[in-house]
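1. only geometry, no sequence info:
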């Protein structure tokens, strides 16, 4: 018997698993200070002097306890970036961030490590470059929730020209 | 001297999200199309084992024969086993309490899990006779059967 042309069914599915993590002593200070005072705090290793962000209790290299807190500047330098053409799921909402957009690593002044976040520039290789100076833009204080979405994005400082 | 500040314990809510697409395949597609367009439930018949499998599939899980023949089954069925969900969990599709039941439709040799609603939680039992309630707006997925309910 000849099977007549059949319809093919496919079903889009989304698996969304909400979870909750305890921030612990150090991340709590970092997230609460960012939420309540708009300040970015990192920890400094007493031995290797690395200024680490996000803050960790133990230095991953020296295995000693980090006890010195350092407030970082809200400005920094773009050290790496990518133009995303695939949606990236925002872990705070579970919703995709619509592409294309620029995602980058910024070393805030005074820090050794970098903090990755969205970069508010056009997704155009002519308009973003490594070494670009950036400013951290936080959500308005009354809308902050105490997670990484309190950082809206990095924004280039005005008046910069792409080096030749 | 630096003032020591005390921070309350702090928890952060996040999501793990995975988007995917489920392809129903040849037999699955025939099952969903019949369900959507005709409110008919199809099973796959294995000619070698002489068993009717639900939901339909392209390969017999017992003898590995290729399955191409569908037969209409149900719509009435029997509860083979069940569980009453009494707690809420974010990954569950419903708020508790509700009943998951494995239902073997008349004419089928296998059962499948679905919701069992409109039922007294103390009355649910193995062997209970049930019938499907079809969704009004059917979209060719398993929720075209909204749930089963007792006869």
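-> All right, it came through fine. Treat the numbers as computed from the prediction; the structure is a model and nothing was measured. Numbering: from 1, shown residues only, chains lettered A, B, ... in the order given.
2. burial of residue 25, as a residue count?
-> In the absence of a named chain, this looks at chain A. 12 (other CB atoms under 10 Å in any protein chain shown). Just so you know, the C-beta spots here come from the backbone N, C-alpha and C atoms, and that holds for glycine as well.
3. should've been chain B
-> 16.
4. low pLDDT regions in chain B?
-> B:1-4 (pLDDT under 70).
5. return the residues of it in contact with chain A.
-> B:7-24, B:26, B:28-30, B:32-33, B:90-91, B:140-141 (CB under 8 Å from any CB of the partner chain).
6. in PyMOL, how would I select the buried members of these?
-> Selection of buried members from those for PyMOL, criterion 16 or more other CB atoms under 10 Å in any protein chain shown:
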select buried, chain B and resi 10+12+14+15+17+24+26+28+29+30+32+33+140+141
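7. confidence score at the nearest residue to residue A:131 once chain neighbours are set aside?
-> Using CB to CB, 6 or more residues apart in numbering or on different chains and skipping the chain neighbours, the partner closest in space to residue A:131 is residue A:77 (6.2 Å). pLDDT for residue A:77: 97.
8. who are the packing partners of the helix or strand containing residue A:77?
-> Using DSSP states H and E, residue A:77 falls within strand A:75-84. On a contact count with 3 or more CB pairs under 8 Å, 6 or more residues apart in numbering or on different chains; DSSP states H and E, strand A:75-84 meets strand A:101-108, strand A:133-138.
9. quick check: beta-bridge partners of the residue nearest to residue A:131?
-> Beta-bridge pairing for residue A:77 (DSSP bridges): residue A:107, residue A:133.
10. in chain A, which helix or strand is least confident?
-> Across the helices and strands of chain A, mean pLDDT, DSSP states H and E gives its lowest value to strand A:88-89, namely a mean of 80.
11. what's the first helix or strand after that one?
-> strand A:96-97.
12. how far does that next one sit from the chain's center?
-> 14 Å (CA atoms, centre = their mean, to the nearest Å).
13. quick one, what contacts the residue lying closest to residue B:133 once chain neighbours are set aside?
-> Among residues not flanking residue B:133 along the chain, residue B:146 sits closest, at 4.9 Å (CB to CB, 6+ apart). By CB atoms under 8 Å, 6 or more residues apart in numbering or on different chains, the residues touching residue B:146 are B:115, B:117, B:132-135.
14. ok, now residue A:74?
-> With CB under 8 Å, 6+ apart, residue A:74 has these contacts: A:40, A:108, A:135-136.
15. next one: residue B:66
-> B:58-59.
16. counting by contacts, list what the least confident helix or strand of chain A packs against.
-> strand A:96-97.
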